[in-house]
Structure formats: structure tokens, C-alpha cells
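Sequence and predicted structure below; questions after.
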Amino acid sequence: MSQKTHRRVPRGSRIFPDRALLSPEEIARREAENEAFAQRCREIFNRVYPELVKEHYNWSIMIEPESGDYFIDPNPEIAFQKAREKYPKARILEKRLNEAGCVGRI
């Protein structure tokens, strides 16, 4: 049986000090990429929402913005599987076909 070692970390210090912090430029670049990705997904969602919400209210929609494809299903896991079958490495955004487009509550 292995022995547990307890290491005290002073308050306000980093838990993993050997990990490099991201530069402000890298943080800004990642935020810009995320915002561009979300904007492309929002455009697709706003385009297809009016026709889908009538028959598929509160279903999950997975959006792949590079191709413009989307996958819907009442079960979010099945919709995600459909998206992964066609685009195994792509970033996918999940939304809900309801008034807010939100997946859950805050």
C-alpha cells in the first residue's frame, strides 16, 4: 500500500507552481477564438431556430459551425453521438430549442 504524503500549500499560492501561466496575449487570443466560434454557432442557431422550434420544442441541437451542420434529438447524448460520428475532431456547441436557447439553469 502506498503512503499518502501531505503537502501544505500556503494560502494564496499556486497549487501547481511548475505549470506555466498563460501570457495576456495568449489569453486574449483564446478569448477571441472562443467568441468567433460562438458567433458562428449563434448565426446558424438563429437561422434554423424558427422552423425547428415548432415541431421540436426543448430538443437538444448540436452545431458544427465550420460546415454549418446541426444535429437534433430529444436526448442530448444521442445528438452529441450523431455529431461525433460525422465530425469526430470538431468543436461542437450544444444549445436547446427553447425560448432562451439555454441547456440548463444558472
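Thanks, I have the structure now.

ends of stretch 14-31, how far apart?
23 Å (CA to CA, to the nearest Å).

pLDDT on that stretch, on average?
Across stretch 14-31, pLDDT averages out at 85.

Then stretch 36-48?
What stretch 36-48 shows for mean pLDDT is 94.

CA atoms only for it - export them in PDB, please.
Listed next in PDB are the C-alpha coordinates belonging to stretch 36-48 (Å, rounded to 0.1, in the frame of the first residue of the first chain):
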ATOM      1  CA  ALA A  36     -15.700  33.900 -33.000                       C
ATOM      2  CA  PHE A  37     -16.700  30.200 -32.600                       C
ATOM      3  CA  ALA A  38     -19.800  31.200 -30.500                       C
ATOM      4  CA  GLN A  39     -20.800  33.900 -33.100                       C
ATOM      5  CA  ARG A  40     -20.700  31.400 -36.000                       C
ATOM      6  CA  CYS A  41     -22.800  28.900 -33.900                       C
ATOM      7  CA  ARG A  42     -25.200  31.700 -32.900                       C
ATOM      8  CA  GLU A  43     -25.800  32.600 -36.600                       C
ATOM      9  CA  ILE A  44     -26.600  29.000 -37.500                       C
ATOM     10  CA  PHE A  45     -28.900  28.700 -34.500                       C
ATOM     11  CA  ASN A  46     -30.800  31.900 -35.200                       C
ATOM     12  CA  ARG A  47     -31.300  30.800 -38.900                       C
ATOM     13  CA  VAL A  48     -32.700  27.300 -38.100                       C
END
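
What residues sit buried inside that stretch?
Neighbour-count burial for stretch 36-48, counted by 16 or more other CB atoms under 10 Å, picks out Arg40, Cys41, Ile44, Phe45, Val48. The C-beta positions use only the backbone N, C-alpha and C, and glycine is treated the same way.

which one is the fourth one nearest to, not counting chain neighbours?
So that's Phe45. Distances taken as CB to CB, 6 or more residues apart in numbering place Lys95 nearest to Phe45, at 5.5 Å, with adjacent residues excluded.
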